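Participant: Next come a sequence and a model predicted from it.
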Amino acid sequence: MMVSVAGCSPPPGPFPARWRPQQETVWLYQLSEPVKAPRAGVQVYVLDLFDTPAETVAMLRQSGARVVAYFSAGSWEEWRPDAASYPASVLGAAYEGWPGERWLDIRAVGVLAPILTARLDLAAQKGFDGVDPDNVDGYTNQTGFGLTAAHQLAFNRWLAQEAHRRGLAVGLKNDPEQGAELEPDFDFAVSESCFAGGWCDLWQPFLRAGKPVLAIEYTDAFTETAFRQQVCPARPAGLHVVLCRRELDGWGVRCDE
């Protein structure tokens, strides 16, 4: 049975105070390797929700940085500790290129809500400042479900509301086509390969609102030289561009280095 988004949580607000990223320009996006000590100059860390202990979050926050928890909201990953909580009814097509990962039926918010709100609770309990929910653009992919743009808007807004309810900032990940509609609901955005794909301009609603966009480009599309010569001169104000390896192991090149 499908449950409406409005029916699975209390009315919105008032929400607790939260971090609202604005001037932070040095972001470190590191998922495949643990962070063992603060990095000089880094203002925001994006780290895996499950793999990062609360002690690491506390250490980084004590250094003056903000810390954001990465997790997948729109896909199921068989290696996660809560994987068994997902019923078979919400598991869809395999996520191409990522063995052990499947798309979720985001229309079934009543089924997904306890799982995803538990993840948001974990982020708050560990002391994260915000969250980076991934795979919130299923309606543009072959998920095995009849997802529409309206379904995606409803799910993404519900997710943002639940993050804010816990005092967490929340980023919009790779759903730029809905950026104008979702900008009021989100605090920042994270983009992958918008220069390689030619769609960075779709993030203008966030940039005009003064909300930062972290734009990750990958070394399989740009060499370091090409990144500096082609990407850096073309970046608009507020778009924080970094060249990373696909492993997201902490290595990166920024335009201002």
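Facilitator: That came through fine.

Participant: Tally up the residues packed near residue 207, please.
Facilitator: By other Cβ atoms under 10 Å, 19 other residues sit near residue 207. C-beta coordinates here come from the backbone N, C-alpha and C atoms, glycine included.

Participant: check which helix or strand covers it.
Facilitator: Element membership of residue 207 [criterion: DSSP states H and E] is helix 204-208.

Participant: partners of the helix or strand following that helix in the sheet?
Facilitator: The helix or strand immediately downstream of helix 204-208 is strand 213-218, counting by DSSP H and E. Strand 213-218 has the following sheet partners, assigned by DSSP bridges: strand 188-192 (parallel), strand 239-244 (parallel).

Participant: May I have the last one as CSV, with CA atoms only?
Facilitator: As requested, C-alpha coordinates have been extracted for strand 239-244 and formatted as CSV (Å, rounded to 0.1, in the frame of the first residue of the first chain):
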residue,chain,number,x,y,z
LEU,A,239,30.3,26.8,-7.8
HIS,A,240,33.1,25.1,-5.8
VAL,A,241,34.8,22.8,-8.3
VAL,A,242,37.1,19.9,-7.4
LEU,A,243,38.8,17.2,-9.4
CYS,A,244,38.5,13.8,-7.7
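
Participant: so how far is that strand from its chain's centroid?
Facilitator: 15 Å (Cα atoms, centre = their mean, to the nearest Å).

Participant: Now the element after that strand, going C-ward?
Facilitator: Taking DSSP H and E, what comes next after strand 239-244 is strand 252-254.

Participant: What is that following strand packed up against?
Facilitator: If you count contacts as 3 or more Cβ pairs under 8 Å, 6 or more residues apart in numbering; DSSP states H and E, strand 252-254 packs onto strand 239-244.

Participant: Can you give the contact residues for the strand it packs on?
Facilitator: Contact with strand 239-244 is made by 25-27, 29, 195, 200, 203, 207, 212-219, 222, 224, 227, 231-232, 235, 251-255, as judged by Cβ atoms under 8 Å, 6 or more residues apart in numbering.

Participant: Quick one: buried ones out of the residues you listed?
Facilitator: Buried residues within those, counting neighbours by 16 or more other Cβ atoms under 10 Å: 26-27, 29, 195, 200, 203, 207, 212-219, 222, 227, 231, 252-254.

Participant: measure residue 51 to residue 32 for me?
Facilitator: 9 Å (Cβ to Cβ, to the nearest Å).

Participant: what's the span of stretch 16-36, first residue to last?
Facilitator: Across stretch 16-36, the terminal residues are separated by 30 Å (Cα to Cα, to the nearest Å).

Participant: That one: how far from the chain's middle?
Facilitator: The chain centroid and the centroid of stretch 16-36 are separated by 11 Å, computed with Cα atoms, centre = their mean.

Participant: Just the mean pLDDT for that stretch, thanks.
Facilitator: Per-residue pLDDT over stretch 16-36 has a mean of 93.
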